[in-house]
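In: here are the coordinates; sequence isn't available:
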């Protein structure tokens, strides 16, 4: 059986690459220069992991101690630089790569919390934080409404599902590289299907009209 440390490392690196591509795609759409593309790719792909490692108090974040984590953002920026002119019409690519990063990071964040001895609830919360943290930093930096707070999209729920399944499999003794891939596939499918079908969760105030904004939405909530 493949050691859990190796599984965790590869899941983490692939997740870093997926998130990095989403960051570089957004940078290209915002007409950032190549330096901005690398920085935004690094922010989204490494931000969630840095937050995770700081919360775990596990010493310097792994993104700053393992040089392998610096390669995916650079590779992503180069790929987008050379290929974006031929894929810029397919804006769904950003969502697809973001969904891939989300699917993998909710697993790695939860695993690191569990191996550090955190209880199941705390592990799930840290897994979700790891998954959504980088994307939120990316959107704020690029002056976008964070996907996490978009009332017309589902973002955190797939991460909760992935973190919950990871925790369950871990405690049942069934977690492995194969089951990790299965969990990632479930999260990815959930995220993409929710995006394509415009699924959403209820708003914070009952009676608030989803199509409204500003004063009209407030007046709708008061009716």
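Out: Perfect, thanks for sending it. Given the structure is predicted, the values throughout are model-derived calculations rather than measurements.
In: Please make it C-alpha for all contacts and neighbour counts, starting now.
Out: Fine.
In: Please work out how many residues are found near residue 82.
Out: Neighbour count of residue 82, defined by other C-alpha atoms under 10 Å: 9.
In: gap between the helix or strand containing it and the chain center?
Out: Element membership for residue 82 (DSSP states H and E) is helix 71-87. Offset of helix 71-87 from its chain centre (C-alpha atoms, centre = their mean, to the nearest Å): 19 Å.
In: How about that helix, which residues are buried there?
Out: Judged by neighbour count using 16 or more other C-alpha atoms under 10 Å, the buried positions of helix 71-87 are 72-78, 80-81, 84.
In: Ok, stretch 97-117 next?
Out: 97-114.
In: Just the ones of those residues in helices?
Out: Judged by DSSP state H, helices contain the following of those: 97-114.
In: thinking again about what came up before, wait, which of the buried residues of helix 71-87 is closest to residue 35?
Out: residue 77 (8.8 Å; C-alpha to C-alpha).
In: in this structure, which spans are helices?
Out: Taking DSSP H as the criterion, the chain carries its helices at 4-29, 34-56, 71-87, 92-115, 120-141, 156-172, 177-196, 214-222.
In: Tell me which of those is the most buried.
Out: helix 92-115 (a mean of 25; mean count of other C-alpha atoms under 10 Å).
In: Just the mean pLDDT for it, thanks.
Out: For helix 92-115, the mean per-residue pLDDT is 94.
In: Over to stretch 12-25?
Out: Stretch 12-25 shows a mean pLDDT of 95 in the predicted model.
In: And for that stretch, what's in contact with it?
Out: With contacts defined as C-alpha atoms under 8 Å, 6 or more residues apart in numbering, stretch 12-25 is touched by 37-38, 40-46, 68-69, 72-73, 75-77, 80, 84, 93-95, 97-98, 100-105, 108, 134-135, 138.
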